[in-house]
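**Student:** Structure of the sequence below:
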Amino acid sequence: MHMHEPRKGLGRFLAAVTVVALALGACSGAGSGSKGTVNIAVNPWVGYESDAAVVAYLLDKELGYKVVKKDLKEEVSWQGFESGEVDVVLENWGHPELVKTYITDKKVALDAGQTGNKGIIGWYVPQWMADKYPDILDWNNLNKYADLFKTSESGDKGQLLDGDPSYVTNDEALVTNLKLNYKVVQGGSEAALIKSLQQATDQKTPLLFYFYEPQWILAKVKIAHVKLPPYTDGCDADPKKVACDYPPYDLNKVVSKKFADSGGKAYEFVKNFNWTNDDQNTVSEMIANQGMKPEDAAKTWVDAHQDVWKKWIPAG
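**Tutor:** Alright, predicted model coming up:
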């Protein structure tokens with residue numbers, strides 16, 4: 001800010017106003033040391049929404065921060081570390097390419113520790129299919145069953161149903177490299193995947209689909225994991241040549257460097273946040289299945305789990 005030399009009598013007054021304005025500016029900035037604003041990216045699946053609901057609720061009610069939630073896809077969230085629009089990503093599923101760009105090379109973000117959630121991505125069928133066709137859980141037998149999975153969208157091939165196009169997926173490459181007679185069809189969202197799974201279970205219709213844990217529906221509907229060639233370190237290094245299963249993910253939190261440096265207690269709280277798949281699924285089920293508002297689901301969980309979240313609150 002450039003100011004002309006103020007007239008003498010006004011000098012001290014303007015200087016004081018400027019100091020106050022700058023202090024207010026600092027308070028409204030992302031994660032100032034005092035009670036500031038915390039900008040949390042919310043990626044498009046309900047497990048993440050549950051993380052964000054509980055973290056936002058406690059930052060507000062226990063620590064007095066203002067929280068702004070921003071509905072963003074994964075890659076856009078990471079761009080926000082550089083632009084200053086995002087302070088926190090609460091559930092990162094690997095993304096080595098984003099880690100390299102924003103943490104290693106540009107140094108605008110850093111790892112803030114694990115969430116406690118164990119992530120599994122893979123191909124699944126409803127449990128009734130595994131019971132009826134036990135050998136379907138070995139990828140080597142998928143071509144034998146391709147006709148079962150044909151849909152109007154997959155033509156003369158079997159359908160492999162995917163979710164939101166922004167999700168972490170190697171499915172196109174896997175179908176090609178494993179020479180499978182299948183076509184990847186985008187379901188479009190997590191809700192669409194769940195609806196398809198529920199229908200396939202209720203109506204006993206065949207379904208091969210991309211899915212992941214933790215996910216609340218798995219407390220209600222049983223599914224079976226189709227085994228692809230086992231994951232080994234580096235087998236997915238070249239996205240075009242992938243011919244192995246997804247790695248297990250220890251899900252972690254990522255924050256902007258700016259927030260780590262100046263976020264104070266809010267940053268410490270985010271670092272301390274750590275819960276189980278069951279915790280997350282409990283909140284997710286309230287939001288997705290019971291239709292509760294995220295804040296209400298968070299309050300319900302928080303009221304019942306003081307022993308868990310008290311450990312996240314920074315000392316003093």
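
**Student:** Could you measure from the closest residue in space to L142 that isn't next to it in sequence over to D303?
**Tutor:** With C-beta to C-beta, 6 or more residues apart in numbering as the criterion, L142 has its nearest non-adjacent residue at 5.6 Å, and that residue is L180. Just so you know, the C-beta spots here come from the backbone N, C-alpha and C atoms, and that holds for glycine as well. When C-beta to C-beta, to the nearest Å is applied, the distance between L180 and D303 equals 48 Å.

**Student:** which one of those two has more residues nearby?
**Tutor:** A count of neighbours by other C-beta atoms under 10 Å puts L180 above the other of L180 and D303, at 19 against 8.

**Student:** what lines up beside the longest strand seen in the chain in the sheet?
**Tutor:** Taking DSSP state E as the criterion, the chain has its longest strand at strand 109-126. Applying DSSP bridges, strand 109-126 is found paired with strand 209-213 (antiparallel), strand 223-226 (antiparallel), strand 249-256 (antiparallel).

**Student:** Show me how the protein divides into domains.
**Tutor:** 19-118+251-312, 119-226 (automatic domain parsing).

**Student:** which of these has the lowest average pLDDT?
**Tutor:** Here the lowest mean pLDDT among the domains of the chain goes to domain 19-118+251-312, at a mean of 91.

**Student:** Before we go further, the residue nearest to L142 is sitting in a helix, right?
**Tutor:** No - membership of L180 in a helix is not supported by DSSP: H, G, I helix; E, B strand; the rest coil, which gives coil.

**Student:** measure it to K69 for me?
**Tutor:** The value you get for L180 to K69, if C-beta to C-beta is used, is 39 Å.

**Student:** rewinding a little: mind checking the strands paired with strand 109-126 for the one nearest to F149?
**Tutor:** strand 209-213 (9.7 Å; C-beta to C-beta).

**Student:** who touches that closest one?
**Tutor:** 118-125, 160-163, 167, 169, 171, 187, 193, 196-197, 223, 277 (C-beta atoms under 8 Å, 6 or more residues apart in numbering).

**Student:** In PyMOL, how would I select the buried members of the residues you listed?
**Tutor:** Here is the PyMOL selection string for the buried members of these, based on 16 or more other C-beta atoms under 10 Å:
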select buried, resi 119+120+121+122+123+124+125+160+161+162+163+167+169+171+187+193+196+197+223+277
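
**Student:** Check the secondary structure at P314 for me.
**Tutor:** coil.

**Student:** quick one: what helix or strand has the nearest residue to it once chain neighbours are set aside in it?
**Tutor:** Spatial nearest neighbour of P314, excluding adjacent residues (C-beta to C-beta, 6+ apart): E268 at 4.0 Å. Using DSSP states H and E, the element containing E268 is helix 264-272.

**Student:** neighbours around Q290, how many?
**Tutor:** 11.

**Student:** rewinding a little: can you say which of the strands paired with strand 109-126 is nearest to G80?
**Tutor:** Using C-beta to C-beta, these put strand 249-256 closest to G80, at 7.8 Å.
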